[in-house]
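Engineer: need coordinates for the below:
(chains A and B, ligands or ions: 2)
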Amino acid sequence: MADGDHAVRAEGLVKKYGDKRALDGFDLTVRRGTVHGLLGPNGAGKTTAVRVLGTLLRFDGGRAEVGGADVASRPREVRRRIGLTGQYAALDEVLTGRQNLEMFGRLFHLGGRRAKARATELLDQFGLTDAGDKGVGKYSGGMRRRLDLAASMILTPDVLFLDEPTTGLDPRGRGEVWESVRELVAAGTTVLLTTQYLEEADKLAGRITVIDQGRAIADDTPEGLKRSVGGDRIEVVVTDAADLSRAAKIVARGGAEPVVDEEALRVHAPVADRVAALTDAARTLQDEGVAVEDIGLRRPSLDDVFLRLTGRAA
Amino acid sequence: MGTTLYWAVADCWNVVRRGLTHYQRQPVNIAWQLGFPILSVLLYGYVFGSAMVVPGGGDYRDFLMPGMFAMTMAFGFINTATLVVHDATKGVIDRFRSMPMAPSAVVSGRGVTDLLVACAELAILMLTALAIGWRPDGGIVGGLAAFALLLWLRFALIWLGVWLGLLVPNPEAAGGLFAVAFPLTMISSIFVAPQLMPDWLGAVAAWNPISSTVAATRDLFGTPVGAGDSWVEQHALLMAGVWPAVLTLVFFPLAARKFAALGR
Ligand SMILES: Nc1ncnc2c1ncn2[C@@H]1O[C@H](COP(=O)(O)OP(=O)(O)O)[C@@H](O)[C@H]1O
Ligand SMILES: [Mg+2]
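Structural biologist: Ligands and ions are numbered 1, 2, ... in the order given. From the prediction side, this is the model:
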């Protein structure tokens, strides 16, 4: 399975914690030079998968290859080709950003002078030059994440693993991290990124594997996944239950099948031309005197994908 | 083989540099670590000092100092454990393990850092002691030998610290170790000679590994103390060498096993 096209390939991976199978025949193929999203709810096995592929955890079955090296038999070689950013920023809080990068650089065997130069380069690349000589304890969440990314990029790895890189960040921090990831990809790094958000996978990844209970249950492009759950939807919540069916007709004027939730007084239906459909629906609802509590566009979420794939909520 | 050893040493040194940079950026941490022994010296030496009896009739403060040195070394395992659990929970150890560095350096770097810090702590404590009137008369050789024995105890407790650091769930729990360590230092010859305690307690105190180091260093510093009659007290110097070796034999494998288990 040593064809040059694949940066990561896992076949039938099994990882047991006692009786619990955190990975249960997990398959994954990540093409070189792409961003691959690993999408799944809490407890699906994302972190376990990343830790196994990153040589941090031994596994119980199946096989895995990263950057052309076998994970089980040549872990050292794998470690030379990967960068790994865990679910929590793995940084030394006492040291400055620069000192962190220099330390990791020396431990990557760059030698003192090159470690220093690389630290300067990376601080610049990740927009941290001004904060470089401040203690990491004073960094914001987004800055930490970026420094964490920078530390993973010291050797310019072939494959970068990012485990929920934006969980816990505010929208601004999230945007900063997305920007950094995009730049890395432009530079040719293959990225495997785990996330609980379809939106994030959609923004960054060219392909998405959906994981549930340690198994890959879907592997598709973001468009394909979204299409499978009907794409964007327009959603209306009415004030009065009596208006519900009228609202459903208006929302579904494009010919799509509306979904009515009588308890929540909510209807939604797929739309193609997003904003035009929204303004149109809003105007018609007003013209017909339907009292609207809330109206908006809803992107398909992991919950929608999950419900569609497994028949249960994420 | 040669390059493996080279990188094991080089990586260890780089981890040590990181540990020392911590103290450089937060020098007040050393002061915290020394706060307790210095406070103890003042409290026991000055407040209770005149009321304390020393077998052999020496000055209590002279009696107390070697105990303070040993106590500082003994409490050191809490620092080791705290630093290790910090790195473990912050993911720093995982990052190290995901890098092509020598895995042993994660632990050896911690150990060497802690020993260097212990040297600094001992030096500061001894200077403080000298400043408030401690006058050892064991000569320079005795003093160096005592210093080495104290470090030997600290070395043995590094493995206890690493093991505990990988065992406890969070830094707060590591701080709680103090509650366990405190009685262990009280039931020893640090503050009071065992022969002045009730028989059973005196026996426990005499067999406390810290007591052997304390008794041996008192001897090497030339502090006149009448040793108790038990075998372990009569062979303090021997046991000050043996106890840390035993602790190392027990806790080094436990720590190594726990470290290897991180991959399971
Ligand atoms: N160290 C562990 N011991 C026992 N069970 C674990 C351990 N780590 C993870 N698990 C279990 O394995 C499953 C997958 O966990 P994880 O990979 O962390 O999921 P995710 O990252 O997708 O949230 C979960 O059910 C979790 O409870
Ligand atoms: Mg996770």
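Engineer: so where is the chain shaky, pLDDT-wise?
Structural biologist: As the question left the chain open, I've gone with chain A. The model of chain A has pLDDT under 70 over residues A:1-4, A:313-314.
Engineer: that's the wrong chain, I meant chain B
Structural biologist: Ranges of chain B meeting pLDDT under 70: B:1.
Engineer: burial measure for whatever residue of the stretch 1-150 of chain A ends up closest to chain B, as a count.
Structural biologist: Distances between the stretch 1-150 of chain A and chain B by CB to the nearest CB are smallest at A:A90, namely 3.3 Å. For glycine as for every other residue, the C-beta is placed from the backbone atoms N, C-alpha and C. For A:A90, the tally of surrounding residues (other CB atoms under 10 Å in any protein chain shown) stands at 23.
Engineer: ok, for it, nearest residue in space, not its chain neighbours?
Structural biologist: In space, and not counting its chain neighbours, A:A90 is closest to B:G91: 3.3 Å by CB to CB, 6 or more residues apart in numbering or on different chains.
Engineer: isn't the one you found up against A:T85?
Structural biologist: No: look at B:G91 against A:T85 with CB atoms under 8 Å: they stay out of range, at 9.2 Å.
Engineer: who's more crowded, these two?
Structural biologist: The residue with more neighbours, out of B:G91 and A:T85, is A:T85; 27 against 21, by other CB under 10 Å.
Engineer: so the more buried one bridges to which residues?
Structural biologist: Beta bridges link A:T85 to A:L162 when assigned by DSSP bridges.
Engineer: and it, how far from A:R32?
Structural biologist: Counting by CB to CB, to the nearest Å, the separation of A:T85 from A:R32 is 19 Å.
Engineer: what of A:R182?
Structural biologist: Per CB to CB, A:R182 is found 17 Å from A:R32.
Engineer: counting by contacts, list what the host helix or strand of B:V106 packs against.
Structural biologist: Under the criterion of DSSP states H and E, B:V106 resides in helix B:104-131. The contact analysis (3 or more CB pairs under 8 Å, 6 or more residues apart in numbering or on different chains; DSSP states H and E) places helix B:104-131 against helix B:2-25, helix B:28-42, helix B:60-89, helix B:92-97, helix B:139-167, helix B:236-260.
Engineer: before we move on, the earlier item: what residues are up against the residue nearest to A:A90?
Structural biologist: Residues near B:G91 by CB atoms under 8 Å, 6 or more residues apart in numbering or on different chains: A:86-90.
Engineer: you'd agree A:A7 is in a strand?
Structural biologist: Yes: assessed with DSSP: H, G, I helix; E, B strand; the rest coil, A:A7 lies in a strand.
Engineer: quick one: it and A:V30 touch, right?
Structural biologist: Yes: using CB under 8 Å, A:A7 is in contact with A:V30, at 5.1 Å.
Engineer: mutual contacts of the two, please.
Structural biologist: Counting by CB under 8 Å, 6+ apart, the contacts common to A:A7 and A:V30 are A:159, A:190.
Engineer: gap between A:K249 and A:A269?
Structural biologist: Look at A:K249 and A:A269: by CB to CB, they are 10 Å apart.
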